[in-house]
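Asker: Generate coordinates for the sequence data below:
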Amino acid sequence: MNATASIVSKVWSFCTTLRDDGVGYGDYLEQLTYLIFLKMADEYSQPPYNRQVGIPAEYNWQSLKTKRGAELEVHYVALLQELGKLPGMLGQIFTKAQNKIQDPAKLYRLIDMVNETQWVTMGADVKGDIYEGLLERNAEDTKSGAGQYFTPRALIKAMVACMRPEPGKSIADPACGTGGFFLAAYDFLVAEHALDKTQKAFLKHDTFYGNEIVANTRRLALMNMFLHNIGEIDGDSMISPNDALVADSGKRFDYVLANPPFGKKSAMSFTNEEGEQEKDELTYNRQDFWATTSNKQLNFVQHIRTMLKTTGRAAVVVPDNVLFEGVAGETVRRKLLETTDLHTILRLPTGIFYANGVKANVLFFDNREASKEAWTQEVWYYDYRTNIHHTLKKKALQFEDLQDFIACYHPQNRHQRRETWSEQNPEGRWRRYGFDQIMMRDKISLDIFWIKDKSLSDLDNLPEPDELVLEIIDNLESGLNSFKEIAARLKL
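Answerer: Prediction:
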């Protein structure tokens, strides 16, 4: 344990040193990813493994160790460029790689630090903890914008606990960020099941499939999974660089766990006649979609339904607009209620995401075969938003905070649920709405609340001032985002 703490301490202290030179967590994490990968490749090339993982001798770990100063910097830049041209996971790790450490002396010190550790023999949980810690710190660095790729791990763990994935089944995420859902599902499968040899092999090589269009984020996800013992150093990449929304890949999965990127509009950049960069709204014309829209969130909901096997199940984080937006939104909600069993909606509080102004929910739905009758009979709501206050720093969301929801969800058999709401207990957070009740609502809105907001009526129960300020900021930013979208539509 002391050795582990020592490595963690070293990794963090060097990051602090580099920050003084203007190297942020994200840039540090990238360089660390390249170097740890190279070092592990070197370890695998030696006894008892004796594996050749496809790294040319002139660009291997040993070639880095023997150089200093300007020569090291030149060689490192060439190494990153050449390895990015290779196939498989190796090429994906080094795609668009750049050297962000301008001081060759500090680069050499980082190489030396990585060299001191035997990474292959280190436990996957230790390597994973180090890397996950770096990813979280990177997400906290609001200036970098990395938080948009990082879903709170407590929420992910709760979603996985409700889904209870089983061995030998496939798990996908069409916008996988740094791979948080994959790792939580992996941990659940290992903890809850005594896996045999075949199941372990399937878990390592065939369980996970993702998409991530941002090269830097994709490399972090691949490294995160690899350090957690998912995939092979010389194997194929399990994460595609393709935009998942462009076309139906034809692949079908048992589970989809996802938090698609926030921001309603899909857009593509282009250069106009004056040479200025502009953005054009992007709509995806797909025959398998119920509605054609530039709303990215509605497109992801439709795509995720397509990705599921007939018996497939999904848990998806979506912003509030998916629950109430009209026209295309109404069509998508109607079809989702009819063709799948949309059985559960978890309403999330503000202050839990690194992106500000986000009001989100988790939709749980199970796919079904074609039928004339609607598959959804009732939708169960858990309101974990009204009168709930979280902040990232002082009161971050914990897994324990969602224990009551998991108990109400009743993952062992969700058909044995019991409401906690009643006429006698109007504050109950767990309430059922019938299909007919929902279909009668304006635009088939799923945006439902019933608990009285105490902050509106009870001055004695106001949250702490700092929480109140953050909540006001969240609401203002949420409103500002809506106005920006209106302005974009009006081409202002």
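
Asker: pretty sure Gln398 is touching Leu155, no?
Answerer: No. If you go by CB atoms under 8 Å, Gln398 and Leu155 don't touch, sitting 10.2 Å apart. Where you see a C-beta, it was placed from the backbone N, CA and C, and this is true even at glycine.

Asker: Looking at these two, which is more packed in?
Answerer: Leu155 (23 against 13; other CB atoms under 10 Å).

Asker: quick one: that one from Cys162, how far?
Answerer: 11 Å (CB to CB, to the nearest Å).

Asker: Please apply the same query to Thr331.
Answerer: In terms of CB to CB, Thr331 sits 27 Å off from Cys162.

Asker: for Phe353, same thing?
Answerer: Phe353 is 19 Å from Cys162, by CB to CB.

Asker: These two: who's more crowded?
Answerer: Per other CB under 10 Å, whichever of Phe353 and Cys162 has more neighbours is Phe353, with 27 against 21.

Asker: Let me see the confidence value for the more buried one.
Answerer: What the model reports as pLDDT for Phe353 is 85.

Asker: Would you check that it makes contact with Thr391?
Answerer: No. Using CB under 8 Å, Phe353 is not in contact with Thr391; the gap is 11.4 Å.

Asker: Tell me, how many residues neighbour Arg385?
Answerer: Arg385: 21 neighbours (other CB under 10 Å).

Asker: In terms of pLDDT, where does it sit?
Answerer: 95.

Asker: Could you say which helix or strand holds it?
Answerer: Taking DSSP states H and E as the definition, one finds Arg385 inside no helix or strand.

Asker: separation between it and Met439?
Answerer: Taking CB to CB, one finds Arg385 at 24 Å from Met439.

Asker: Show me what stretch 111-122 is in contact with.
Answerer: 7, 10-11, 14, 32, 35-36, 39-40, 43-44, 49, 61, 64-65, 127 (CB atoms under 8 Å, 6 or more residues apart in numbering).

Asker: So among those residues, which ones count as buried?
Answerer: 7, 11, 14, 32, 35-36, 39-40, 43-44, 61, 64, 127 (16 or more other CB atoms under 10 Å).

Asker: Between those residues, which sits nearest Lys169?
Answerer: Lys169 lies nearest to Lys127 out of these, by CB to CB, at 25.7 Å.

Asker: Next, the contact list for the closest one, please.
Answerer: Lys127 makes contact with 119, 227-228, according to CB under 8 Å, 6+ apart.

Asker: Which is the succeeding secondary structure element to the strand or helix carrying it?
Answerer: According to DSSP H and E, Lys127 maps onto helix 124-140. Once helix 124-140 ends, the next helix or strand along the chain (criterion: DSSP H and E) is helix 153-163.

Asker: who does that following helix touch, helix- and strand-wise?
Answerer: Other helices and strands packing on helix 153-163, by 3 or more CB pairs under 8 Å, 6 or more residues apart in numbering; DSSP states H and E, are helix 180-192, strand 253-258, strand 308-319, strand 360-367, helix 403-409.
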